[in-house]
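Colleague: Fold the following for me, if possible:
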Amino acid sequence: MAAIITDQIRILNAGNFIAGVSNASNSYYSFIGLTNPEDYQEDWDSDPPSPKDNFDQENDYWDTMVALKKINTSDARQVVPKRTWSSGTSYDMYRHDYSRSNTAVVSGSTSLYLSNYFVINSDFRVYICLQNGIDPDNSSGRPSLDEPTFTDLEPRSAGTSGDGYIWKYLYTIKPSDVAKFESTDYMPVPTDWQTSTDNAPVRDNSVDGSIKIATIVNRGVGLGTANSTYTSVPIRGDGSNAECTITIDGNQQVSSITISNQGSGYTYGNVDIVAGGVPTGTTRPEFNVIISPQGGHGADIYRELGAYNVLMYSRIENDNNNPDFITGNQIARVGVVENPQQFGSSSLLSADKVSALGALKLVGAGYSTATFAADSYFTQTVSTGTTSVGRVVSYDQNTGVIKYWQDRSLVGFSTIGIAQTQPQYGFSLNEFTSSPGTGGSLTIIPSSGVNLTIDDSFTGISTVINNRTYYLGQTFTNGVANPEVKKHSGNIIYVDNRPSITRSSNQKEDIKVILQF
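Modeller: Next up, the predicted model:
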């Protein structure tokens, strides 16, 4: 049995996803992670591996996660492919009937949404191409020469070049949306199109089943009197009141057809030249009547442009009051997680940004000069024969805070999850503690410098040093801070392995994740 899942369900799913992000019962976060990509693959930076989609890898994404940033309602938007108008480029025209057997003449696309039928201009205004200069003499259309810049509600040509293009203005992208939702390949569509007052003029001007364009397929031969014009030629179909004007040239052929009354209610139509008084001639002219989308042009921007992609935006930047995003080490993975939970709780995570790392507050005579090499191992003897081991993510010489992660590679597994024999520190992944047992100590050995100890007298989220308050980003109890998110909670719905970058103190990253439905 032949069947398809239509593009409309993809648009529906994209819209439902946006609604899910907006729903207060859900919580979405972007995350960064993986400070040690070379351990996974030596040439990671030149050839990052494709992420693996299985439960085992999902655990690894959690174990190597560094920090998370909340995605708010205003951070998610439906987007469409970005096609910037360029002089001399030929564009597809909007047609309601592209298919495998009726492909777009410019791009060869087999569906409307794959064709090249809308553009963004230099002022961030978006237009749909209703006519690309196609006629019997230009069966593949013509290059566009006049940039559309108008905001008229009705379609028209953009200039005086005579390129034959007719454009329909749809909307203008707001500057704030350009910054967040425009990318190299995608551009946003407005939110709340059906209710927003910003979009009301275009939306309210739409007419269901209206006809804006008819094209000439065959000019005909011997059509009565040369250089004559026939007005109010009816367009027949299942709608009503659509009419066109047909002009005959000096060769007694059709030179042009324009819609003079768009009518309404059409899902198909044909030009009735006999009823319009146009001579049929020795060869009857032929026309294609183009039917507008459901509701008319501008009624439903998501359906008209095929908005089945969603862009989620996050800005990662350093914050002195909540320094969850580390500096001085690399990150090589970004992703999105749905409904993560708070550490030690079943409640959804709700903070703006959180750390996924453990942390220790260290003290000692040399804490301000000690160094911990990024991704190096450090240990604590928890009790006789029991050692805790972690990987360094960052160390702050001002505050003595070391941030770290622990994963199964520390207790007898390779980075890809293959069990090993005789792990150096045993099979148990022991937590760091400010209350070591018999034979244990608070000692932490740095990569260079004198030994330090966990500050078991420190509890809080900030510390004052030389009359300056330093915020630590995590709450410490007796020198130990847990992650702020419960690992392995929620659903990781997107992962991107990418060449690593090393974060610096003055650095910001805009993360733009595209979900394709």
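Colleague: Look at Val79 and tell me its secondary structure.
Modeller: What DSSP: H, G, I helix; E, B strand; the rest coil gives for Val79 is strand.
Colleague: With Val189 as the reference, measure out to it.
Modeller: Going from Val79 to Val189 by C-beta to C-beta, to the nearest Å gives 7 Å. Quick note: C-beta positions are derived from backbone N, CA and C, even for glycine.
Colleague: Could you pull out the residues contacting both of the two?
Modeller: Taking C-beta atoms under 8 Å, 6 or more residues apart in numbering as the contact rule, the neighbours common to Val79 and Val189 are Ala307.
Colleague: neighbour-wise, which of those two wins?
Modeller: Val79 (26 against 23; other C-beta atoms under 10 Å).
Colleague: and that one, what pLDDT?
Modeller: In this model, Val79 is scored at 98, pLDDT.
Colleague: now do Met1
Modeller: 63.
Colleague: The one 3 residues further on now?
Modeller: For Ile4, the pLDDT comes out at 78.
Colleague: switch to numbering from 45
Modeller: Renumbered: residue one is now 45, and that last one reads Ile48.
Colleague: if I've got this straight, it is in a strand?
Modeller: No: under three-state DSSP, Ile48 sits outside any strand and is assigned coil.
Colleague: Could you find the closest non-adjacent residue to the residue nearest to the spatial centre of the chain?
Modeller: The centroid of the chain falls nearest to Leu355 when counting by C-alpha atoms, centre = their mean (2.2 Å). Using C-beta to C-beta, 6 or more residues apart in numbering and skipping the chain neighbours, the partner closest in space to Leu355 is Val123 (4.5 Å).
Colleague: from what I can see the one you found touches Ile558, true?
Modeller: Yes: between Val123 and Ile558 there is a contact under C-beta atoms under 8 Å: 7.1 Å.
Colleague: overlap in contacts of the two?
Modeller: Common contact partners of Val123 and Ile558 (C-beta under 8 Å, 6+ apart): 227, 230, 353-355.
Colleague: Which of those residues fall within helices?
Modeller: Per DSSP state H, helices hold no members of the shared contacts of Val123 and Ile558.
Colleague: chain center to stretch 277-294, what's the gap?
Modeller: 43 Å (C-alpha atoms, centre = their mean, to the nearest Å).
Colleague: From start to finish, how long is that stretch in a straight line?
Modeller: Taking C-alpha to C-alpha, to the nearest Å as the measure, stretch 277-294 stretches 20 Å from start to finish.
Colleague: Only the buried residues of it, if you could.
Modeller: Using 16 or more other C-beta atoms under 10 Å as the test for burial, stretch 277-294 gives 277-279, 281, 283, 286-290, 292.
Colleague: Next: stretch 189-206.
Modeller: Buried, per 16+ other C-beta under 10 Å, within stretch 189-206: 189-192, 194, 199, 201-202.
Colleague: same thing with stretch 515-532?
Modeller: Buried residues in stretch 515-532, counting neighbours by 16+ other C-beta under 10 Å, are found at 516-518, 520, 523-531.
Colleague: can you check stretch 429-449 too?
Modeller: By 16+ other C-beta under 10 Å, the buried positions in stretch 429-449 come out as 430, 432-440, 443-449.
Colleague: Now the terminal residues of that stretch, how far apart.
Modeller: OK, stretch 429-449 end separation, C-alpha to C-alpha: 22 Å.
Colleague: Now do that stretch: distance to the chain's middle.
Modeller: With C-alpha atoms, centre = their mean, you get 35 Å for stretch 429-449.
Colleague: Leaving out chain neighbours, which residue sits closest to Phe194?
Modeller: Tyr213 (6.3 Å).
Colleague: by contact count, what packs against the strand or helix carrying that neighbour?
Modeller: Per DSSP states H and E, Tyr213 falls inside strand 209-216. For strand 209-216, the packing partners by 3 or more C-beta pairs under 8 Å, 6 or more residues apart in numbering; DSSP states H and E come out as strand 169-176, helix 244-248, strand 255-262, helix 345-349.
Colleague: redo that, cut-off 6 Å
Modeller: With contacts taken as 3 or more C-beta pairs under 6 Å, 6 or more residues apart in numbering; DSSP states H and E, strand 209-216 sits against strand 169-176.
Colleague: where does Ser453 land in three-state SS?
Modeller: helix.
Colleague: Pretty sure Gln101 sits in a helix.
Modeller: Yes: the assignment for Gln101 by three-state DSSP puts it in a helix.
Colleague: Give me the outermost residue of this protein relative to its centroid.
Modeller: Thr269 (57.4 Å).
Colleague: got any ranges where the chain has weak pLDDT?
Modeller: 45, 458-461, 463-465 (pLDDT under 70).
Colleague: which one's the longest helix in it?
Modeller: helix 51-66.
Colleague: Check the offset of that one from the chain's centre.
Modeller: Using C-alpha atoms, centre = their mean, the offset of helix 51-66 from its chain centre is 13 Å.
Colleague: Report the buried residues of it.
Modeller: Result for helix 51-66 [16+ other C-beta under 10 Å]: buried residues 51, 54-55, 58-59, 61-62, 65.
Colleague: And for stretch 296-315?
Modeller: 296-298, 301, 303, 306-308, 310, 313, 315.
Colleague: again with stretch 241-254
Modeller: Applying 16+ other C-beta under 10 Å to stretch 241-254 flags 243, 246-247, 250-251, 253-254 as buried.
Colleague: who's in contact with that stretch?
Modeller: 197, 234, 237, 283, 306, 308-310, 336, 339-343 (C-beta atoms under 6 Å, 6 or more residues apart in numbering).
Colleague: so how far is Val298 from the closest residue in space to Tyr135 that isn't next to it in sequence?
Modeller: Distances taken as C-beta to C-beta, 6+ apart place Cys173 nearest to Tyr135, at 4.8 Å, with adjacent residues excluded. As judged by C-beta to C-beta, Cys173 and Val298 stand 22 Å apart.
Colleague: where exactly do the helices run in the stretch 145-294 of the chain?
Modeller: Ranges of helices within the stretch 145-294 of the chain are 219-225, 244-248, based on DSSP state H, counting those that start in this stretch.
Colleague: Alpha carbons only: can I get the last one in CSV?
Modeller: Listed in CSV are the C-alpha atoms of helix 244-248, where the atom choice follows Å, rounded to 0.1, in the frame of the first residue of the first chain:
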residue,chain,number,x,y,z
ALA,A,244,-2.6,41.8,11.0
PRO,A,245,-2.4,43.9,7.8
VAL,A,246,-0.9,41.0,5.8
ARG,A,247,-3.0,38.4,7.4
ASP,A,248,-6.3,40.2,7.2
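Colleague: gap between that helix and the chain center?
Modeller: Using C-alpha atoms, centre = their mean, the offset of helix 244-248 from its chain centre is 26 Å.
Colleague: Likewise for stretch 67-83?
Modeller: 15 Å.
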